[in-house]
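>>> give me a 3D structure for the following:
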Amino acid sequence: MKIVLSGIKPSGIPTLGNYIGALRSFVELQKEMKDYHFFVFVADLHAITTPHDVAELKQNVRNLAALYLACGLSVNNLVLFIQSEIHEHVELSYILQTVSYMGELERMTQYKDKAKQMKSGIPTALFNYPILMAADILLYDARFVPVGEDQKQHLELTRNIAERFNNRYGDSFIVPDILLTKTGAKIMDLQNPLKKMDKTTDNDKGCIFLLEPIKNIKKKIMSSITDSESVVKYDKKKKPGISNLMTIYSAISGLSYAKIEKKYKDIGYGTFKKDLAEIVASEIEGIQEKYYEIINSKKLDEILDEGRAVAQKVAAKKIKEIYNKLGILR
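The predicted model follows:
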């Protein structure tokens, strides 16, 4: 079975950045790679590495699963499941810790950034997060993993761990290839274009959520930070604000930066923002309509039950193989 795998943490309502950088590009990949099985999971175990609201997490898991489908994933070659329902993820994570090194985990940028934000009591789960991520991927022998730029370092670690295990115990895992998303891979905060759009941010004025009211979405785009030049031109260093908006425009419309620049030459930011607000609103409105149909139906649980059954079968076979390689089965 040829597998493409992806998972998203249900730590909040997905953002426009999640949609453009992961969800939408994954839908396009599914259309292009019809001979692959797409294993897509809700990474709820990753959501408990830091303190969380229990009831909110439970709802977010369902919201995310429904949004995966609302964003256009086809059920034809899809295996949609919840990470915690497949216990082999945790089992393999522990096994991979035996071939992982403290030094390489300490170098993980996301760990260092999050550790700085925490005043005290950094959970070991936060430190081991990349190993669980490696287990998520290697458990299914995924050949490709689509990621944004911010997750590339974790994928490189996964490849290193797989190669190290294979060298020590014989060929056991497929070493996955990284599918780095292109346009829209990293959407920045609308109020601070030097920071990634983050669903866990304290100030949500710069973040667009897929389930928030459409009027709020338009308002946030119209009030987004740009610069004083009023020239629609892509220049990430000198004009990060307008460049970020152009990235969103390009990802949804399909127009290149050059065509966008030409379209808005000598027009200014006002018209550009109004058009972008309508483009984004129309896209998200369609997603919301499908989401509310799915979240209130039995279809969601049926799809998740079917996905769990398939994932469980693949995972059980792989963990048994790994236990045999390690010599810890009777």
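>>> which residue ranges of this protein form helices?
For the chain, the helices defined by DSSP state H occupy 16-18, 24-32, 54-70, 88-97, 102-106, 109-117, 124-138, 152-169, 214-222, 240-253, 257-263, 269-295, 299-326.
>>> and the ones you listed, which one's lowest on average pLDDT?
When those are compared on average pLDDT, helix 109-117 comes out lowest at a mean of 76.
>>> now that helix, how far from the chain's geometric center?
Its chain's C-alpha centre and that of helix 109-117 lie 18 Å apart, by C-alpha atoms, centre = their mean, to the nearest Å.
>>> got it, and stretch 10-23?
Using C-alpha atoms, centre = their mean, the offset of stretch 10-23 from its chain centre is 6 Å.
>>> ok, now stretch 72-87?
Offset of stretch 72-87 from its chain centre (C-alpha atoms, centre = their mean): 14 Å.
>>> how far does it stretch from one end to the other?
Start to finish, the residues bounding stretch 72-87 are 28 Å apart (C-alpha to C-alpha, to the nearest Å).
>>> what do you get for stretch 227-242?
So stretch 227-242: terminal residues 7 Å apart, C-alpha to C-alpha.
>>> list the buried ones in it?
For stretch 227-242, burial by neighbour count (16 or more other C-beta atoms under 10 Å) applies to 231-232, 234, 239-242. The C-beta positions use only the backbone N, C-alpha and C, and glycine is treated the same way.
>>> do the same with stretch 99-116
Neighbour counts over stretch 99-116 (16+ other C-beta under 10 Å) mark 99-100, 105, 108, 111, 114 as buried.
>>> how close does residue 126 sit to residue 91?
Counting by C-beta to C-beta, to the nearest Å, the gap from residue 126 to residue 91 is 20 Å.
>>> and residue 190, its phi and psi?
Phi and psi for residue 190, reported as degrees, to the nearest 10, are phi -70, psi -20.
>>> meant to ask about residue 11, not that
Per degrees, to the nearest 10, the backbone of residue 11 is at phi -90, psi 0.
>>> spatially nearest residue to it, not counting backbone neighbours?
Excluding the flanking residues, the one nearest residue 11 by C-beta to C-beta, 6 or more residues apart in numbering is residue 47, at 4.8 Å.
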